[in-house]
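Trainee: Sequence first, then the predicted structure:
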Amino acid sequence: MSSPPVIAVVDDDEAMRDALSELLLVLSMECRTFERAEAFLAACSQESFDCLITDLRMPGMSGMELIRELKALGSRLPVVVITSSMEMESRSEAIAGGAFAYLTKPVGEELLTRTLNAALAR
């Protein structure tokens, strides 16, 4: 029996972290949540993740900066951006920077499930 995928959630909004964590548990995935990108990066050196869900706008390091940092480190971790920003420039920058998907809040459960399954399958 294979172990469930481990999804990291980086979002400064506690309610969003909690909601995503609950959904991932229902989907039989493990979840680790982080309030800040810096905390996630520190955990990356000690833990293995199968996918990352991140917001763009956060205090400290932004989600876009996190994507760039992961790319600079040579990470192949699929990144799903979930944000309230509907700016085409942000979407284009995130995808060009290496994000697997860019979803806007509120995200439907079905869309998120399909997106995560596609990210994990690649």
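Mentor: Structure's in. What do you need?
Trainee: use CA for all of it now, contacts and neighbours both
Mentor: Will do.
Trainee: Compute the number of surrounding residues for L66.
Mentor: 21 (other Cα atoms under 10 Å).
Trainee: should've said V107
Mentor: If we define neighbours as other Cα under 10 Å, then V107 has 12 of them.
Trainee: Which residue lies nearest the spatial centre of the protein?
Mentor: Residue closest to the average C-alpha location in the chain (Cα atoms, centre = their mean): I53, at 1.1 Å.
Trainee: Against which helices or strands is the helix or strand bottoming out on mean pLDDT in the chain packed?
Mentor: Least confident helix or strand of the chain, by mean pLDDT, DSSP states H and E, is helix 88-96 with a mean of 94. Contacts defined by 3 or more Cα pairs under 8 Å, 6 or more residues apart in numbering; DSSP states H and E place helix 88-96 against helix 63-72, strand 101-104.
Trainee: In terms of secondary structure, what does the last one contact?
Mentor: With contacts defined as 3+ Cα pairs under 8 Å, 6+ apart, the secondary structure elements packing on strand 101-104 are strand 79-83, helix 88-96.
Trainee: about what we covered before: contacting residues for the residue nearest to the centre of the chain?
Mentor: The contact partners of I53, by Cα atoms under 8 Å, 6 or more residues apart in numbering, come to I7, A8, V9, V10, V79, V80, V81, I82.
Trainee: secondary structure class for it?
Mentor: strand (DSSP: H, G, I helix; E, B strand; the rest coil).
Trainee: Thanks a lot, see you next time.
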